[in-house]
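Asks: here is my input, please return the structure:
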Amino acid sequence: MKIKKLMSCAVLVGMFALAGLLSGCSERVPAGNVGRIQTSDGWGDEILKPGHHSAWGRDQMYLLDITQETFNESINILIGGKVNLKVDFAVRVRANTQDANALKRTFEDVTAEKMKEGRAYIISVKKQYDTFLRMKALGIPRAVFEAQPDVQTAVANSRTLAEQIVAAVKKDAATTPLVVEDMQITNYDWPDSITKAQEALVQIQLKEAAERAQVRADLERATGQLQVEEAKMLIEFKKAEAVAGSIDIIKSKLAGAPEYLM
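Replies: Below is the predicted model of the structure:
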């Protein structure tokens, strides 16, 4: 009797275990995400698009956020070994959805977080950025500005340096599973001494510009006066020529009348 009960229990347990293995459920991949299933044997090979997908037994759905997100950063850079410069910049990134291998790399290399609802785990854009790109995004501006000999050179070349930084970050991002959609230097926080020096320089430049404008005005006025005097001289010269011509005519006409000349 006891043996029969034990056998019955074993059969029931086996049936429940088999039912659990064969039972499946539908896992949803929301819009703005792709999915990948991890089984007891490892990762599935397929990257799943938004929609409902079957997950069997102990299969686990993982989601990857493929939307764009902007991250704001601030770094302090010592220029020329003397002046501390604070640079603020923004980086907008997204997953490289055109490269399936890059997506698989993200699933395998980035730590996912359990979603508040449902059974799935998700890898946020921030997790992707922190894992693959943040250190590059911080390191490149620092290296570019620290290479400047002094802060005056950095100020003068700031626009060119910003373009160089953006190009370098985008190039380095190409070696990661991320794409940099945009990057902008949003602010330079120069030390007060540099700001005051720049303001003083602007005032000097404005004064010099005003002086150059005054010189041009005086030169134009002098040129105008000279042209007027030259015109007057030309008129007098023409008058003199006319008088001389008149005398010559009179002399030629009266040459045969000496008594009139007397």
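Asks: could you pull up the mean pLDDT of the helix or strand where Ala242 lies?
Replies: With elements taken from DSSP states H and E, the one containing Ala242 is helix 192-253. What helix 192-253 shows for mean pLDDT is 72.
Asks: stretch 63-70 too?
Replies: 98.
Asks: list the buried ones in it?
Replies: 63-66 (16 or more other C-beta atoms under 10 Å). (Glycine included, C-beta is placed from N, CA and C.)
Asks: and of those, the nearest to Ser74?
Replies: The closest of those to Ser74 turns out to be Asp65 (C-beta to C-beta; 24.4 Å).
Asks: beta-bridge partners for Ile122, please?
Replies: Judged by DSSP bridges, the bridge partners of Ile122 are Leu63, Glu113.
Asks: tell me, how many residues neighbour it?
Replies: 19 (other C-beta atoms under 10 Å).
Asks: let me know the secondary structure of Arg119.
Replies: When classified by DSSP: H, G, I helix; E, B strand; the rest coil, Arg119 comes out as coil.
Asks: so where do the helices sit in the stretch 1-150 of the chain?
Replies: Here the stretch 1-150 of the chain has its helices, by DSSP state H, counting those that start in this stretch, at 2-22, 100-109, 125-132, 134-146.
Asks: give me the low-pLDDT residue ranges for this structure?
Replies: The chain contains residues with pLDDT under 70 at 1-24, 191-206, 245-251, 253-262.
Asks: redo that, cut-off 80
Replies: Low-confidence segments of the chain (pLDDT under 80): 1-25, 81-82, 190-211, 213, 215, 218, 222, 228, 230-231, 234-262.
Asks: which residues does Pro50 contact?
Replies: By C-beta atoms under 8 Å, 6 or more residues apart in numbering, the residues touching Pro50 are 29-34.
Asks: at 6 Å what do you get?
Replies: Contacts for Pro50 (C-beta atoms under 6 Å, 6 or more residues apart in numbering) come out as 29, 31.
Asks: Gln38 and Asp59 touch, don't they?
Replies: No. With contact defined as C-beta atoms under 6 Å, Gln38 does not reach Asp59; the gap is 7.1 Å.
Asks: please save the CA atoms from stretch 172-187 in PDB.
Replies: What follows is stretch 172-187, C-alpha atoms only, in PDB (Å, rounded to 0.1, in the frame of the first residue of the first chain):
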ATOM      1  CA  ASP A 172      35.400  56.500 -30.700                       C
ATOM      2  CA  ALA A 173      31.700  55.800 -30.400                       C
ATOM      3  CA  ALA A 174      31.900  53.900 -33.700                       C
ATOM      4  CA  THR A 175      33.900  51.200 -31.900                       C
ATOM      5  CA  THR A 176      31.100  50.700 -29.300                       C
ATOM      6  CA  PRO A 177      27.500  49.400 -29.700                       C
ATOM      7  CA  LEU A 178      26.400  53.100 -29.400                       C
ATOM      8  CA  VAL A 179      25.800  55.900 -31.900                       C
ATOM      9  CA  VAL A 180      26.400  59.500 -30.900                       C
ATOM     10  CA  GLU A 181      23.600  61.500 -32.500                       C
ATOM     11  CA  ASP A 182      24.900  64.800 -31.300                       C
ATOM     12  CA  MET A 183      27.300  66.400 -28.900                       C
ATOM     13  CA  GLN A 184      27.600  70.000 -27.900                       C
ATOM     14  CA  ILE A 185      29.900  72.000 -25.600                       C
ATOM     15  CA  THR A 186      27.200  73.900 -23.600                       C
ATOM     16  CA  ASN A 187      29.300  76.100 -21.300                       C
END
